[in-house]
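A.B. asks: what follows is a predicted protein model with its sequence.
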Number of protein chains: 2
Amino acid sequence: MNKYMNLALEEEKEGVQNNHGGPFGAVIVKDNQIISKGHNEVLKQKDPTCHAEIIAIRNACKKLNTLDLKGCTLYTTCEPCPMCLSAIIWSNIDNVFYACTKNDAAEIGFRDEMIYDFIKGKNQDLLNLKQIDRDACIEHFLSYKGDNY
Amino acid sequence: MNKYMNLALEEEKEGVQNNHGGPFGAVIVKDNQIISKGHNEVLKQKDPTCHAEIIAIRNACKKLNTLDLKGCTLYTTCEPCPMCLSAIIWSNIDNVFYACTKNDAAEIGFRDEMIYDFIKGKNQDLLNLKQIDRDACIEHFLSYKGDNY
């Protein structure tokens, strides 16, 4: 077993044991150094964004004092949900290794697969999403000249 | 213009004015009460997960002392990226109103649309994503019996 995935699994086990949240652990590595770790803390923090990968990314950014994790690899015990996958891309992480799949997550009751399907145009009853007021907002929006992170 | 979208636009303007990040503002409303607000703070916090919607969701969960935002409506000045859209679904927010689109975001250099395309199976060079070690992880994963948030 990959040694970093093994550490991610240890994170997962610690999180479940302490009732912090679902069975998800993640580790971020750069140049063979462990930069950060995280496990799901959704229940502990009462925060639906506290997935293992999000916590690991936030910790890595703090540790390296940057929002750009280019050159980093993330190991996670389950295929990232679309929230985490997008956070990974926004952070410029290069490589991701995952173990269990979104189908496995569905088996224990998590909605990862339903959210993937929503984004792909199915399951449209998951959320009521409507556009309004673009005319009132577009001018300020398009005038932005800053960084694109 | 919708009064809550107007507040979201004010949030957006405040964020850009202070160089906190991109031009994105969000407001969460429940029973005609404003629960929380947020604007993009990616640059300020050096944290790629600090999108307006994520901040508004985290603030709403703190304020209501719950991870379940059922009954809430989110107003955001731009179509949520897949990270934020997924966070919205994980939080059980029911309704989302957005103004500018992911195509507008692409015009000012943001990668929202590329991430949507990655999830839909295009742009696969954005991230190197591989499965390993499922056999070593699946037993603990499937033994989980807790809540599915």
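C.D. replies: Right, received. Where do you want to start? Numbers count the residues shown, from 1 in each chain, chains lettered A, B, ... in the order given.

A.B. asks: contact partners of the longest helix along chain A?
C.D. replies: Criterion DSSP state H: the longest helix present in chain A is helix A:3-17. Helix A:3-17 has contacts (Cβ atoms under 8 Å, 6 or more residues apart in numbering or on different chains) with A:21-27, A:29, A:34, A:37-41, A:52, A:73, A:75-77, A:97, A:99, B:132-133, B:136-137, B:140-141, B:144, B:146. Any C-beta I mention is one placed from the backbone N, CA and C, and that applies to glycine too.

A.B. asks: would you mind checking those for buried ones?
C.D. replies: With burial judged by 16 or more other Cβ atoms under 10 Å in any protein chain shown, the buried subset of the contacts of helix A:3-17 is A:21-27, A:29, A:37-41, A:52, A:73, A:75-77, A:97, A:99, B:133, B:137, B:140-141, B:144, B:146.

A.B. asks: now, which of the residues you listed lie within helices?
C.D. replies: Those of the buried ones among the contacts of helix A:3-17 lying in helices (DSSP H): A:52, B:137, B:140, B:141.

A.B. asks: nearest residue to the middle of chain A?
C.D. replies: Nearest residue to the geometric centre of chain A (Cα atoms, centre = their mean): residue A:84, 2.0 Å.

A.B. asks: now do the contacts for it.
C.D. replies: Per Cβ under 8 Å, 6+ apart, neighbours of residue A:84: A:51, A:52, A:53, A:54, A:76, B:83.

A.B. asks: need those in a markdown table (columns: pLDDT).
C.D. replies: Putting these into a markdown table (pLDDT from 0 to 100) gives the following:
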| residue | pLDDT |
| --- | --- |
| A:51 | 98 |
| A:52 | 98 |
| A:53 | 98 |
| A:54 | 98 |
| A:76 | 98 |
| B:83 | 98 |
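
A.B. asks: any chance of those residues in CSV with distance to residue A:108 as columns?
C.D. replies: Output for the contacts of residue A:84, formatted as CSV (distance: Cβ to Cβ, whole Å):
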residue, distance to residue A:108
A:51, 15
A:52, 15
A:53, 18
A:54, 20
A:76, 16
B:83, 23
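
A.B. asks: can you give me the strands for chain A?
C.D. replies: Secondary structure of chain A (DSSP state E): strands at A:25-30, A:33-39, A:73-78, A:95-100, A:128-131.

A.B. asks: figure out which of the ones you listed is closest to chain B.
C.D. replies: Among the strands of chain A, the nearest to chain B by Cβ to the nearest Cβ is strand A:95-100 (3.8 Å).

A.B. asks: is that closest one anywhere near chain B?
C.D. replies: Yes - interface with chain B: strand A:95-100 contributes A:95, A:96, A:97, A:98, A:99, A:100 (Cβ under 8 Å from any Cβ of the partner chain).

A.B. asks: show me what that strand is in contact with.
C.D. replies: Here strand A:95-100 makes contact (Cβ under 8 Å, 6+ apart) with A:2, A:4-5, A:8-9, A:72-80, A:88, B:127-134, B:136-138, B:141.

A.B. asks: try it again at 7 Å.
C.D. replies: Around strand A:95-100, the neighbours that count as contacts under Cβ atoms under 7 Å, 6 or more residues apart in numbering or on different chains are A:2, A:5, A:73-80, A:88, B:127-134, B:137-138, B:141.
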